[in-house]
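Visitor: heads up, no residue letters with this:
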């Protein structure tokens, strides 16, 4: 996996909770935030986390977008995190890691970390590694499984056996699954 730099802040706008098409399904909520999933595209999944307490003034069905996650199916039978965007007004609350935990458990899926991660993405997986009912592990291209530890100084995951996860020649993939 490679380290990348991305624009730190995003404004995500609003999500129409009553669209004219039937692709979006509300699957539940956590921390008073509602979670919608679109599984209509084969091999892809989109997830929207919205705040139902913040609505667009003229259209009350339009809810404030908090988090957007785009996933695609991988050869490891997991869901690869293609992109995650968090609205800047919700940053610093641990919402992204809790959303990952929620969708892993609710949908019964395994998430695969993005192959390129920003500082925020590395911090998200660091936070996820500290959640007690979520297991993080790494695999090499040859599918050998490694336990994942945390690097408190850099706030990212690492492999206790001395192998590198980030910026290495050998391809390493990190996964999160429910116990």
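Guide: Perfect, I can see it now. Please read these numbers as outputs of a predicted model, since none were measured by experiment.
Visitor: Can you pull the phi and psi angles for the residue nearest the centre of the chain?
Guide: With distances taken as C-alpha atoms, centre = their mean, residue 100 lies nearest the centre of the chain, 4.8 Å away. Dihedral pair for residue 100: phi -60, psi -50, per degrees, to the nearest 10.
Visitor: repeat for the one 10 residues further on
Guide: Backbone dihedrals for residue 110, given as degrees, to the nearest 10, come out at phi -110, psi 130.
Visitor: That one against residue 179, yeah?
Guide: No: applying C-beta atoms under 8 Å as the test, residue 110 and residue 179 come out as separate, 12.0 Å apart. For glycine as for every other residue, the C-beta is placed from the backbone atoms N, C-alpha and C.
Visitor: Between the two, which is the more surrounded one?
Guide: residue 110 (17 against 7; other C-beta atoms under 10 Å).
Visitor: Would you quantify the distance from that one to residue 137?
Guide: Residue 110 is 10 Å from residue 137, where distance means C-beta to C-beta, to the nearest Å.
Visitor: does residue 82 count as helix, strand or coil?
Guide: For residue 82, the secondary-structure state derived from DSSP: H, G, I helix; E, B strand; the rest coil is strand.
Visitor: list the contacts for it?
Guide: Taking C-beta atoms under 8 Å, 6 or more residues apart in numbering, we find residue 82 in contact with 70, 71, 72, 114.
Visitor: Partner strands of the helix or strand where residue 146 lies, with direction?
Guide: Using DSSP states H and E, residue 146 falls within strand 145-147. According to DSSP bridges, strand 145-147 has the following sheet partners: strand 134-140 (antiparallel).
Visitor: For my notes, confirm residue 109 occurs in a helix.
Guide: No: counting by three-state DSSP, residue 109 falls outside a helix, being coil.
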